[in-house]
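*Asks:* Okay, sequence plus prediction incoming.
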Amino acid sequence: MKLEDRVFYRLKMEGVSLSDSKRKSSLFFLHYKHFLFNFLPDVDPFFSLKNKILGFGYAGDPTRVRSDFKCSHPENLYFIGGLFVNYGCTFLANAPILIGRNVAIGPGSHLYTINHRL
């Protein structure tokens, strides 16, 4: 079973609906979304709006991602819920990244799913 199939199977087992989760963006539009995401303040009323701006594959409640967050392919990020991502994190998600319930990721952390020749 491919990694992406395992991710979708796990999401299905968690009861997550993926009806509108795959969205494609141009590189320019992704940079614009990052600017807007990082411009909004890190307070409770804005967290759900910030999650919608980047267009994560799935972001269960509560998902709190702090400013200075960078990612490639946000449609490949699946957050089940109870996630807290601190300042300055980078996720390079060429393949899907699934983060389960009640996870905290420290400041300046990097998650990579990059695959290329040496």
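*Replies:* Everything's here; your move. On a predicted model such as this, the values are computed, not experimentally measured, just so you know. Numbers count the residues shown, from 1 in each chain.
*Asks:* Mind pulling the model confidence for the closest residue to residue 73 other than its chain neighbours?
*Replies:* What sits nearest to residue 73 in space, not counting adjacent residues and going by CB to CB, 6 or more residues apart in numbering, is residue 93, at 4.6 Å. All C-beta spots, glycine's among them, are computed from the backbone N, C-alpha and C. Note on residue 93: pLDDT of 86.
*Asks:* With adjacent residues omitted, what lies nearest to the residue nearest in space to the middle of the chain?
*Replies:* The centre of the chain sits closest to residue 77, judged by CA atoms, centre = their mean, with a distance of 3.7 Å. Nearest residue to residue 77, sequence neighbours excluded (CB to CB, 6+ apart): residue 56, at 4.7 Å.
*Asks:* Contacts only, for residue 103.
*Replies:* 82-84 (CB atoms under 8 Å, 6 or more residues apart in numbering).
*Asks:* Angles on the backbone of it, please.
*Replies:* With angles defined as degrees, to the nearest 10, residue 103 sits at phi -120, psi 140.
*Asks:* for residue 78, same thing?
*Replies:* Dihedral angles for residue 78 - degrees, to the nearest 10 - are phi -120, psi 110.
*Asks:* I'd say it and residue 99 touch.
*Replies:* Yes - judged on CB atoms under 8 Å, residue 78 makes contact with residue 99 at a distance of 7.1 Å.
*Asks:* So between the two, which is more surrounded?
*Replies:* Taking neighbours as other CB atoms under 10 Å, residue 78 and residue 99 compare with residue 78 leading, 24 against 20.
*Asks:* Can you tell me how far residue 90 is from residue 48?
*Replies:* Using CB to CB, to the nearest Å, one obtains 22 Å as the distance from residue 90 to residue 48.
*Asks:* Hmm, I typed the wrong one, I wanted residue 104.
*Replies:* Separation of residue 104 from residue 48 (CB to CB) stands at 19 Å.
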